[in-house]
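1. Let me see the structure of the following:
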Amino acid sequence: MKMRHIIPLALVAFAGLSLGAGCPTVPKIEDRVVELALGASTTVSIPAAGVVNVYNQDAPYDLALDFNLNKTLSDAGVDLADAKDIKLSGISYRVTVPDPNSGRTITGATVRAQRPPGTSQLLISSFSQNVDTVSGWTKAPLDSAGVTVINGLLTDMLASAKSGTPVANSLINYHVNGISTPTGLSTSFTWEIRFDLTIVGSIKVKVLN
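-> Down below sits the predicted model:
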C-alpha cells in the first residue's frame, strides 16, 4: 500500500523541480498491454486392480469437467477475451496407493490417448516404475502424436469458453499397457497422472514513461 502513495508524491516533487528549471520533462503513468504465460495443471487418478501379468486398462477422462479454464484465467487477472492459446507443456505421474506385493513393478508401460471418434495415439512412450511404494512426481516421456490429441481438445475448450457454449466431445480415453511383475499375484495400486498446461494471454499494466 505504501508504494501507491510514494509514486504520486515523487512525481509531484519531480514535476516541481523540472518546471523550476525550465525543463518540463515530467514522467507519465501509461497503460501498456503485455503478454504472459500462465502455468496450470490438472490430475487424473487411475486405479489398477486385478491384473496378473499384463497391465492393460482403459481410463476415460473428461478434461472439460475437471479443469476450470475461466477460473484459472480470472485468478490470474486475465480476461477470457485476452487469452490467446493453451497447450500441454508436460505430463508427470506418481503412485498414490502402493501395491501390497513387495517388488511389484510395471515395465514397458505406455499410455495412449483417443478423443472419439478419432484414432488412438501414443501419448506416453515406454517407461518403467516400481509401484510397491508411494512415489514422487516423475516426468513422463511424451510422444508428439498423443500431445496433438490433447492440444486439439484444449484449443476447442478455449474457443468454447469464449463463445459461451459447452465444448463438444471433451472426453479423452486413455489406455495404459505394461508388464506387471511378479507374476501370479494380482495387481492392486493407483496411479495419478498430472497434466501441466501453459496458457498464453495478455494483461494491461501501468508503467512509467
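2. So which bits of stretch 84-93 are buried?
-> By neighbour count on 16 or more other Cβ atoms under 10 Å, the buried set for stretch 84-93 is 86, 88-89, 91-93. To be clear about C-beta, it is placed using only N, CA and C from the backbone, and glycine gets the same treatment.
3. In CSV, list those residues along with secondary structure and distance to Gln121.
-> Formatted as CSV, the buried residues of stretch 84-93 follow (DSSP: H, G, I helix; E, B strand; the rest coil; distance: Cβ to Cβ, whole Å):
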residue, secondary structure, distance to Gln121
Ile86, strand, 19
Leu88, strand, 13
Ser89, strand, 18
Ile91, strand, 14
Ser92, strand, 19
Tyr93, strand, 18
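4. Which one of these is nearest to Gly118?
-> Minimum distance to Gly118 across these is 16.1 Å, recorded for Leu88 (Cβ to Cβ).
5. burial count for the closest residue to Lys84 other than its chain neighbours?
-> Residue nearest to Lys84 in three dimensions, not counting chain neighbours: Val200, with 4.8 Å by Cβ to Cβ, 6 or more residues apart in numbering. If you count neighbours by other Cβ atoms under 10 Å, Val200 ends up with 15.
6. what does the model give Val200 for pLDDT?
-> pLDDT, Val200: 90.
7. With the one 5 residues further on instead?
-> Each residue has a pLDDT score; the one for Val205 is 56.
8. Helix or strand: which one has Gly146?
-> Assigned by DSSP states H and E, Gly146 belongs to helix 144-163.
9. Name the next helix or strand downstream of that helix, please.
-> Sequence-wise, the next helix or strand downstream of helix 144-163 (DSSP H and E) is strand 171-181.
10. can I get the CA coordinates of that following strand in CSV?
-> Output of strand 171-181 as CSV, limited to C-alpha atoms (Å, rounded to 0.1, in the frame of the first residue of the first chain):
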residue,chain,number,x,y,z
LEU,A,171,-13.9,-37.0,-23.3
ILE,A,172,-10.4,-38.5,-23.7
ASN,A,173,-10.0,-42.3,-23.5
TYR,A,174,-6.6,-43.3,-22.0
HIS,A,175,-5.3,-46.8,-22.5
VAL,A,176,-2.4,-47.9,-20.2
ASN,A,177,-0.4,-51.0,-21.0
GLY,A,178,2.6,-52.7,-19.4
ILE,A,179,4.0,-55.9,-18.0
SER,A,180,3.2,-56.4,-14.3
THR,A,181,5.7,-58.5,-12.1
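11. List the buried residues of whichever helix or strand comes after it.
-> Sequence-wise, the next helix or strand downstream of strand 171-181 (DSSP H and E) is strand 188-208. For strand 188-208, the neighbour count (16+ other Cβ under 10 Å) marks 188-197, 199, 201 as buried.
12. And stretch 142-156, by the same measure?
-> Applying a neighbour-count criterion of 16+ other Cβ under 10 Å, one finds 142-143, 146-147, 149-151, 153-154, 156 buried in stretch 142-156.
13. Then stretch 112-124?
-> 112-115, 120-124.
14. Find out how far stretch 75-82 is from the centre of the chain, if you would.
-> Distance, stretch centre to chain centre, for stretch 75-82: 16 Å (Cα atoms, centre = their mean, to the nearest Å).
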